[in-house]
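>>> only geometry, no sequence info:
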């Protein structure tokens with residue numbers, strides 16, 4: 001399996017994303033995977049999956065993943081899915097458990113759009129609407145910090161402590177979107193979600209790159225075309241943009257050629273193809 005790597009400001013990601021074949025991208029720092037469309041024994045130790053939708057190139061590895069964690073005696077994984085998929089995914093896992101004659105352990109949770117789910121202290125995610133052919137959603141990871149409210153800046157530690165002891169909270173939560181992941185979606189995932197546009201890092205689907213499969217064809221199948229990303233270049237406020245899910249009709253050489261030929265200067269230094277490369281040391 002040819003693995004791709006990406007790193008930005010210390011946040012590291014690795015995985016694979018091939019349109020119609022398999023998509024699974026790990027975010028080790030937060031012990032999670034975006035989708036699990038590949039049977040990958042090396043990622044069984046990761047304990048959380050954020051599933052964007054049920055197409056098999058994004059979900060096929062989930063029964064294997066749950067089975068392996070159960071067989072190895074690992075803790076029950078947490079799998080978050082669009083709320084519309086929860087019932088059927090439970091059925092799928094139950095059937096596999098019965099066929100294997102082995103009890104699966106799994107925490108499966110349907111997540112509604114804009115619902116907040118805590119990951120660990122200082123981090124949480126929200127499911128945001130995506131626009132595909134089936135029920136789907138993207139995910140934005142937030143870093144959360146508390147800081148003094150403006151009106152209390154300059155207070156001493158004793159005064160702050162006294163306020164807290166009296167039940168007053170002189171602080172406020174600051175939420176920063178650090179990573180967004182689109183799954184499969186039309187360009188509206190970017191255009192209609194402010195948190196996505198402002199995420200430091202954005203993993204966004206870009207399946208087609210040339211006129212052989214034009215914008216209309218991409219939109220018909222719930223995908224994004226490179227020409228749409230170019231047309232909406234001004235909407236991207238992200239520090240880093242990572243293009244995932246390229247069609248297998250393109251070779252890596254062709255992807256690089258189309259990218260270099262068409263990318264506007266405003267996006268050139270921020271935008272990256274998620275295709276196999278050597279990991280940074």
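On my side now, so go ahead. Keep in mind it's a predicted model, so treat the numbers as computed, not measured.
>>> Distance from stretch 179-195 to the middle of the chain?
Mean-position distance between stretch 179-195 and its chain equals 10 Å (Cα atoms, centre = their mean, to the nearest Å).
>>> Would you mark the buried spots in it?
179-187, 189-190, 193, 195 (16 or more other Cβ atoms under 10 Å). C-beta coordinates here come from the backbone N, C-alpha and C atoms, glycine included.
>>> any idea of the mean pLDDT in that stretch?
Mean pLDDT, stretch 179-195: 98.
>>> helices or strands next to the one helix or strand residue 79 maps to in the packing?
Using DSSP states H and E, residue 79 sits in strand 78-82. When contacts are defined as 3 or more Cβ pairs under 8 Å, 6 or more residues apart in numbering; DSSP states H and E, strand 78-82 packs onto strand 48-50, strand 107-111, strand 123-129.
>>> Go through those and pick out the most buried.
Of all the helices and strands packed on strand 78-82, strand 48-50 has the most neighbours on average by mean count of other Cβ atoms under 10 Å, namely a mean of 23.
>>> Can you list the buried residues in whatever helix or strand comes next after that one?
Note on strand 48-50: by DSSP H and E, the next helix or strand toward the C-terminus is helix 56-59. By neighbour count on 16+ other Cβ under 10 Å, the buried set for helix 56-59 is 57, 58, 59.
>>> Now do the strands in the stretch 151-281 of the chain.
Along the stretch 151-281 of the chain, the segments classed as strands by DSSP state E, counting those that start in this stretch run 171-181, 201-205, 240-244, 271-273.
>>> Adding distance to residue 120 as columns, could you present the ones you listed in CSV?
As requested, the strands of the stretch 151-281 of the chain are exported to CSV (distance: least, Cβ to Cβ, whole Å):
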stretch, distance to residue 120
strand 171-181, 13
strand 201-205, 18
strand 240-244, 23
strand 271-273, 27
